[in-house]
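> A predicted structure for the sequence below; I have some questions about it.
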Amino acid sequence: MFGIGMPEMIIILVIALIVIGPQKLPELAKSLGKGLAEFKKATDDFQKNVQEEARKSDEKVESPPQVAAAEQSHVTTPVQPAHSVPADKVESPKV
């Protein structure tokens, strides 16, 4: 869990028993358990919301309506040259 083995856990519990006392220790353990459960629930909810928002943003990026419609139609428009010269103004090369 946190890298705490059985001997360390026993030492921590003995010190807690001495400092807090045998009457208050069960109450403290119960409230600590409830607090940890609420914290775990809050973090799970936060992770769920972040993943949901990431999924929604991925869906928007992958297929925006304009890009998806253009990809499906396969219609190409002719490209106009930047500088077009009228046909009557074109000079033929002199030999």
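Perfect, thanks for sending it. Keep in mind that what you see is a predicted model, and the values were worked out from it rather than measured.
> what about Q23, how many residues nearby?
By the criterion of other CB atoms under 10 Å, Q23 has 7 neighbours. (Glycine included, C-beta is placed from N, CA and C.)
> same question for G35.
When counting by other CB under 10 Å, one arrives at 10 neighbours for G35.
> what strand or helix carries it?
Using DSSP states H and E, G35 falls within helix 25-62.
> so for that helix, what's the average pLDDT?
For helix 25-62, mean pLDDT is 90.
> tell me how far K48 lies from V14.
39 Å (CB to CB, to the nearest Å).
> go on, Q23?
Distance from Q23 to V14, by CB to CB: 16 Å.
> got a list of contacts for stretch 25-44?
For stretch 25-44, the external contacting residues (CB atoms under 8 Å, 6 or more residues apart in numbering) are A16, L17, I20.
> narrow those residues to those in helices?
Among the contacts of stretch 25-44, the members falling in helices are A16, L17, I20 (criterion: DSSP state H).
> please pick the buried ones from those residues.
Among the ones in helices among the contacts of stretch 25-44, none counts as buried by neighbour count (16 or more other CB atoms under 10 Å).
> ok, so of those residues, who is nearest S57?
A16 (46.0 Å; CB to CB).
> brilliant, that's me finished.
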